[in-house]
Every structure is written in C-alpha cells, then in structure tokens.
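# Take this sequence and fold it.
(2 chains)
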Amino acid sequence: MKRVAIIIVVVVLLAGGWWLFQHQAQPSVAPSPIKADAASLKDPALVAQGEYLTVVGDCASCHTAQGGERYAGGRVLPTPFGNIPTPNITPDHATGLGDWSFEDFWQALHSGKGRHGEFLYPVFSYTSYTKVSREDALAMFAYLQSLAPVHAPAQQPSLAFPYNVRSGLKAWRALYFHEGEFQRDASKSEAWNRGAYLVQGLGHCNECHAPRDSLGGQEGKASLAGGQIPAQNWYAPDLSMQANGGLAGWSEQDLVDLLKTGQSARGTAFGPMADVVVQSTQHLHDEDLRAIATYLQSLPPRAATKSEEPLFDTHAIMAQGAKVYDQRCADCHGKDGNGVAGIYPPLNGNSSVNEPTAINAMRVVLLGGFAPVTKGNPRPYSMPPFAQQLSDADVAAVVTYIRRSWTNAASVVMERDVSKYRHTPID
Amino acid sequence: MKTLSAKWSQAGRAWCAWMALILLTHAGIGRAQDVPHPVIPDTLQQRIAACTACHGAHGEGTPESGFFPRLAGKPAGYLARQLKDFQLGLRKYAPMEYTVRQLSPEYMHEIAEYFAAQEVPYAPSPLPRVTAQTQERGETLVMHGDPSRQIPACQSCHGSQLTGVQPDIPGLVGLPYDYLSSQLGSWRTKTRAMAAPDCMAEIANRLSDSDITAVSAWLASRALPADMHAQAPGSVTPPLHCGVLGDQGDGT
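The predicted structure is shown next:
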C-alpha cells in the first residue's frame, strides 16, 4: 500500500515537474566566456587557488573512501533512499574526470547534470554548489586535473524503486533546485557577501544545518535553522547567533575559534562537524572565517520555543540523572555545567545539548571521543564512551538532567530514545 | 606625644588586623559559595580518557573477560599501527574506528608510546578446558610450526620467549584465550588486516579451527617468563613476507 502511494506521488510529481519544466524559461544566461584551455589550467596560481577552494568545499571528505586514495571516490553515502557511492574525481581517463572539459565540470557543479546531461543525485550538493562562481569552479577544476590519476571504477548506487529512476529527479529539481550563481547584495559589506557566498555555496552548510522533508528536499525559508542529518542521525544545530538561535550568545571569536581549532568557549565540534573542522574549516584563511561569522551574525532571531512540559513527575528521573552526573560528568564538566575553559565544553547553554531531538547529547554520552585534532589543538582532551558503563535508563536520566539543569530547559529523554542510538556509526 | 602616637599606632594595627579578618572571612565565604571548579591535570593520561575508559588507566585491559585488550607494554610501533589500521578500516571495530578517526599520526604515536611504557603486572585470565593432545598440538605449532602445511612457528617472529620484538611485533604470552582466538579468527573473516603482504592473514588461513584453539589455549596457559619485555629489534628473521615489517622475510 505504502509503495503504491509512493508510486502515485512520484507519477504526479513527474507530471507536475514535466509541466513546470516545459513552462519554465530555460536558464537564458549564457555561461560567461572563460579561458579553460590546457595551458591556462596548469597555471600554478590557479591550481593553488583551486586547492584552497576544494578544501573550503571539503570535497575530499565525500570523494575519499575510508583508507582509500584521496579524491578517488568510493565512500558510500547513506541516504533514506538508498546508498550512493561517490565517484572518482581524479583525472583518470577511464574512471575519473580525465576526459572532462571545464564545461562538463561546470554543468555538474552548477546545474547538477552529468557529462551526458543525466540528472545527478542531489546527495552531490549542487543545490548549494550552483552558487559557486565560474572563476572559482575553474580553479577547482584546474586543481583536480593536476592530481595524480587514480584508477578507481565507480560503484553503482543501490537505490530502491522509484528512487532509482533518474528522470524522477526532474520533478525533484523543479521543487527544490534553484539554479544560479550567488548574487551579491550591494547593501551589505564585503565581508558579509564573502561569508554568504562561502556558507550558501561551496561550504554547503545548509545541506546539514537545515531540515529536510520526506523527499529529502529543503525549505528555502528554513535556511540554516538546524535539522537532523538523514541516515547519519546527528542533529546539525541552528546557526542563528541572535535571540533564541542555536548559537545565541556566541561571539564572532567563539565561532572563529570553533571552526579553526575545533573548540570554543561555547562548545566543541564532534561527530560529522569534527570531521568538517579537521578536513576543511581549520585550513580556512582567518578573513574567510571572520566573513562566515559576519554572515551568520546576520541570520535573523528565531521564534521562542517552549519545550512541552512532560506529563509525568520528573523528580525521579532528575534525581537519578543528578546521581549519574555527579559520578561520571561533574569532574570534567563541573557541577555548574560550565566545563573548563579550553579543555572541556560547557553543557550549560550548549546548543548541542539543547537541540530539539536530544540525539547529539545521547550519542556523545554513548560514544565519547576526542575533540577535533587541529593545528590549534594538536593534543585534544577526550571524553570516555559510556556505552559500556551506562544502561539506557541511566543515559536517559543523565541527558534529561543535563538538558533541564542550570539555564537549560529542553525536553525530557526517554529510555526508548536512547536504545535507538546505541550503535556506533562509522560514517 | 610619644604615648599618643604609640596609642594611635596600636589602634591602627588593630584596625588593620580587624579589616584583614573581615576580608579573609568574606573571601572564605566567597570561596565556599563558589561551585568547586574542576582541576584538570595537564597529562596525556587525562587527555586520553576516551582510551582508558575501556583499556584501563595504564592499559591493563580486562583480563578477566579478554574483551578490552591489554595495551600496557606492547611495542609502540605495533600500537601506533593498530590505531592507523582502525583509521584505514583494515581493522574493523566501529567504536575504535569512530574514536581514532581524526587523530593525527603524531598524536597516535604519543598515545602508543604512553601505553608501551606502562609496566603493569599480568593478571590471570580464564583458561578453556582442552585435552592434553590439544595442548601438545598448540606447543608444537607455537615452537615448531607445521612445515607440512607451511605454517611457521609463532616464536620465529614473536621472539623466542614469545614476548614480542621491538618495535613492531607484539608478545603472545600473558594474553587471554578469548582474545588470541578471536584475533586469529578475525584475520580469517577479514575484520582484521594489515598492510600487504599480510603474513598473519596467510598464517591464520593455513590454521584449522582446532589449530586456532590449540595455539590460543597453549599460549594463554603458558607460565610467564621473568622478563616480559619485548626482545631487541632485529633479533628475529621473519619466515614470511610481511608488509608491516617492511616486507622483510624470505619465505613463502
């Protein structure tokens, strides 16, 4: 029944998408002429700029398998629709981008289409990359073409019907994909424009930090408002730095610290964001980090949300949580939940503790782990994993206690919530 | 005049003392009201709480269950390589892969050196009930191998005392039966691998199931030598090509 319903939805979407496609003005802007001949692609300055930009875009993170050659693809990205292995983007002729022209590359990045015009799966975040300028795309292409070619044949995605029908993406694109380079806002500062360009485009922050609907699409209005990362099961917090925002109370310096060193006075990166810091943001120029902060500071305040008051008496679970907290957590995070500056993050007022789903707090308690290893923090402190030592009930109690103590006022966590997240992810 | 000034000075001293008392008391109250702030030692042991939570503060492991391996005293090169192999996915165990995923080579070496330098007494672990023949088969394999099936003796690489060889070869004595047999098994199921050529995978696949039981049981029940330290570098000539030993060795 469910499958039939999905098929009907997809057929309707396909028809609607086709109609939209026919009635949409074709993107009339002819690509600006750009010098992409073999000689200019070898310009060392262009290649160096491209290397920096691929780090900003964190391309290697998805296009490198665990233990595999950098940029040779093969990492399998889990999505709610099936698993999609990433392709090889080294310049190998048979299996990589060796035969690609810059216009092929531009079509993928800007329009989300493969070399033969086929629609690419949006797990490749062209919904963001479409904002990248042609000049930057050229530099990245020059860098990728400068790599040593690696022979690594593409693996096929394992998508269930109807998601394996690529033409279905026509409808998806009509709904969620807005092709077009970043447009400067002349009323804003240079730094704001640079930050917006990086965050909305190459940095593809929105791909995690915004909610997705059941078709994996994103509402434009909810930009950077936080969301659960599908299949990975982490919660990427709201990035507004104003009232009621996920980063309310953060200064520009706090944000720069977190992106540069993995830690700030307000919190520490972990899970997928730890990887982003290690592989990408720690290498960004200071002025780019400040530009990102300038842009995020301009995100609007959020509506005040009040977590639903539990229907039961929470005294018992809070008392149990307090006991676990005193035994396991207080030595490092402090009885006051304020952590230790430069070493252990505060839990009081921490956006990842108070995020709506409690997934982050539960998983960090279960998994522990090191703060990001960066040039600014090469020997980080770490947190013990408690999966072996605490029962689901204890984890629920201590996370509830942390989410409802000091200035925190987030929702209660139940034992059954914890059991869902006991397994350890590799991705 | 003199008395007056002396009197004043006395009063001044008393006033000062009184003020000091008030200040001290208030300071005392202030401290008592503050929440005690955690004092965090700047030590590697403190930094690696994620490791020691399971492996023990000194890498003693859990000999009673054999579940969390002992790290103490294992050669540093060997330990650092294991961290790297978890990063690369050559060794498969999700909690370890998650924990070490973004550690730098320098930090992994420092952590490896820490555990390698720990001197912890060996604790007994449960022994399986096996027959005398099994023990005998185990001893034969460990000390002499089985040339008919091209199985080299364990001691030809792991040292004559089976305490390992610096810097890359771990000792085999003092380890729990469950740990030893599960490692040999994981080489066969490809959840543990090493840089090619993977000599241990070769050997594990040449061993039969009962051989794995025999070798593990004999090693786990062996009396420990007085000196448990790994032997000096270069004191063995590996009979197989081993990627982890720089592909030295001359056998097949």
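
# Report the next helix or strand after the worst-scoring helix or strand of chain A on mean pLDDT in sequence order.
Lowest by mean pLDDT, DSSP states H and E among the helices and strands of chain A is helix A:2-23, with a mean of 50. Scanning forward in sequence from helix A:2-23 by DSSP states H and E, the next helix or strand is helix A:38-41.

# who does that next one touch, helix- and strand-wise?
helix A:134-146 (3 or more CB pairs under 8 Å, 6 or more residues apart in numbering or on different chains; DSSP states H and E). C-betas here are computed from N, CA, C, even on glycine.

# pLDDT averaged over the helix it packs on, what's the number?
When pLDDT is averaged over helix A:134-146, the result is 98.

# Equivalent analysis for stretch A:340-360, please.
Computed over stretch A:340-360, the average pLDDT equals 95.

# Now it: buried residues?
A:340, A:343-360 (16 or more other CB atoms under 10 Å in any protein chain shown).

# Could you verify my assumption that A:F124 touches A:G112?
Yes: at 7.2 Å, A:F124 counts as touching A:G112 under the criterion of CB atoms under 8 Å.

# Those two: which is more packed in?
A:G112 (23 against 20; other CB atoms under 10 Å in any protein chain shown).

# Could you report the separation of that one from chain B?
Note on A:G112: its distance to chain B, by CB to the nearest CB, to the nearest Å, is 30 Å.

# Just the pLDDT for residue 27.
No chain in the question, so chain A it is. 49.

# please go with chain B instead
Residue-level pLDDT assigned to B:A27 equals 43.

# Buried residues, the helix or strand harbouring A:A330. List them.
Assigned by DSSP H and E, A:A330 belongs to helix A:330-333. Residues A:330, A:332-333 are the ones in helix A:330-333 that count as buried (16+ other CB under 10 Å).

# And stretch A:143-155, by the same measure?
Buried, per 16+ other CB under 10 Å, within stretch A:143-155: A:143-147, A:149-150, A:152, A:155.

# can you name the two of those that are farthest apart?
Farthest apart among the buried residues of stretch A:143-155 by CB to CB are A:S146 and A:Q155. That separation is 25.2 Å.

# How about the residues of chain A by chain B?
With CB under 8 Å from any CB of the partner chain as the criterion, chain A meets chain B at residues A:66-67, A:274-275, A:278, A:330-336, A:340, A:343-344, A:367-370, A:372-373, A:378-389, A:423-426.

# Where helices are concerned, which of the residues you listed count?
Per DSSP state H, helices hold the following members of the residues of chain A next to chain B: A:274-275, A:278, A:330-333, A:367.

# Considering the residues you listed, which is situated nearest to A:R266?
Nearest to A:R266 among these, with distances taken as CB to CB, is A:H333, at 13.6 Å.

# show me what contacts that closest one?
A:H333 makes contacts with A:339-340, A:344-347, B:38, as judged by CB atoms under 8 Å, 6 or more residues apart in numbering or on different chains.

# Test for you: state the pLDDT assigned to it.
pLDDT, read off for A:H333, is 97.

# And it, how far from A:S405?
Distance of A:H333 to A:S405, given as CB to CB, to the nearest Å: 11 Å.

# again with B:K190
Distance of B:K190 to A:S405, given as CB to CB: 46 Å.

# of the two, who's got more company?
Neighbours of B:K190 and A:S405, each counted by other CB under 10 Å, are more numerous for A:S405; the result is 19 against 11.

# Spit out the contact partners of the more buried one.
A:322, A:325, A:337, A:348.

# try A:G73
A:63-65, A:85-89, A:152, A:154.

# farthest-separated two in those?
A:T64 and A:A154 (14.2 Å).

# For the stretch 101-250 of chain B, which segments count as helices?
Using DSSP state H, counting those that start in this stretch, the helices found in the stretch 101-250 of chain B span residues B:105-116, B:132-144, B:155-158, B:177-188, B:199-206, B:209-221.

# quick check: mean pLDDT across the fifth one?
Per-residue confidence for helix B:199-206 averages out to 97 on the pLDDT scale.

# in it, what counts as buried?
B:199-204.

# What helices and strands are in contact with it?
helix B:177-188.

# Within range of chain A, give me the residues from chain B.
B:35-38, B:40, B:44, B:46-54, B:87-90, B:94-95, B:97-99, B:101-104, B:106-107, B:110.

# Taking those residues, please make a ChimeraX selection of just the buried ones.
Restricted to buried positions by 16+ other CB under 10 Å, the ChimeraX selection for those reads:
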select /B:38,47,48,49,50,51,52,53,54,87,90,95,97,98,99,101,102,103,107,110
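
# Please flag which of the residues of chain B next to chain A sit within helices.
B:44, B:46-47, B:49-54, B:87-88, B:94-95, B:97-99, B:106-107, B:110.
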